[in-house]
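Got a predicted model here, sequence first, then my questions.
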Amino acid sequence: MSADKDTIYAGMFCDAVQKTSVTIEQMKEELPANTAAIVERLAVSTYDLGSISLGDEVLLVRLAERLHNMRTLEFMPEERRQIKAKETLSEIIPIAKKIGNLKLINELYDISLDYLCKA
């Protein structure tokens, strides 16, 4: 996805503030400043990818996060799989097209169709 190291590091911690007792302040103390800034924006951003500007590190992390979620759909209940697959086709792929990463687009598309065709 052509992300810089701060964006990659932030992706590793993208859910830490929401899913653990770690605070933004602790992240700022432990992470490089640029990485902590991205993690902070991730913590306060919505999942409305359409509202995030292109080229924004938050967009890249959210797209990578969705790709990871799609790669692990087999561990979700069937109803949830269908919701994620439909949402990916209708909302996520059009946004991914704006950054022009064909590998990402194709993989999201293939996984989504695979689960929708299984239903």
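Perfect, thanks for sending it.

quick one, domains of the protein?
Split into domains by automatic domain parsing, the chain comes to 1-44, 47-119.

Using JSON lines, lay out those together with mean neighbour count and mean pLDDT.
The C-beta positions use only the backbone N, C-alpha and C, and glycine is treated the same way. Putting these into JSON lines (neighbours: other Cβ atoms under 10 Å; pLDDT from 0 to 100) gives the following:
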{"stretch": "domain 1-44", "mean neighbour count": "16", "mean pLDDT": "90"}
{"stretch": "domain 47-119", "mean neighbour count": "15", "mean pLDDT": "88"}
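
ok, and what's touching the top helix by length along the chain?
Counting by DSSP state H, the longest helix found in the chain is helix 102-118. Applying Cβ atoms under 8 Å, 6 or more residues apart in numbering, the external contacts of helix 102-118 come out as 1, 63, 66-67, 70-71, 73, 81-82, 84-86, 88-89, 92-93, 96-97.

Residue 18: which element?
Secondary structure from DSSP states H and E places residue 18 in helix 16-19.

ditto for residue 39
Secondary structure (DSSP H and E) places residue 39 in helix 33-44.

Compute the distance between the residue most central in space within the chain and residue 42, please.
The centroid of the chain falls nearest to residue 62 when counting by Cα atoms, centre = their mean (2.3 Å). Distance of residue 62 to residue 42, given as Cβ to Cβ, to the nearest Å: 8 Å.

Would you mind identifying the next helix or strand past the helix holding residue 39?
Later in the chain than helix 33-44, the nearest helix or strand by DSSP H and E is helix 57-71.

and the angle for that next one with helix 33-44?
Angle, helix 57-71 to helix 33-44, by axes from the mean of the first three to the mean of the last three Cα atoms, to 10 degrees: 60 degrees.

Show me what helix 57-71 is packed up against.
helix 5-12, helix 33-44, helix 78-87, helix 93-99, helix 102-118 (3 or more Cβ pairs under 8 Å, 6 or more residues apart in numbering; DSSP states H and E).

excluding its backbone neighbours, what's nearest residue 16?
residue 22 (4.8 Å; Cβ to Cβ, 6 or more residues apart in numbering).
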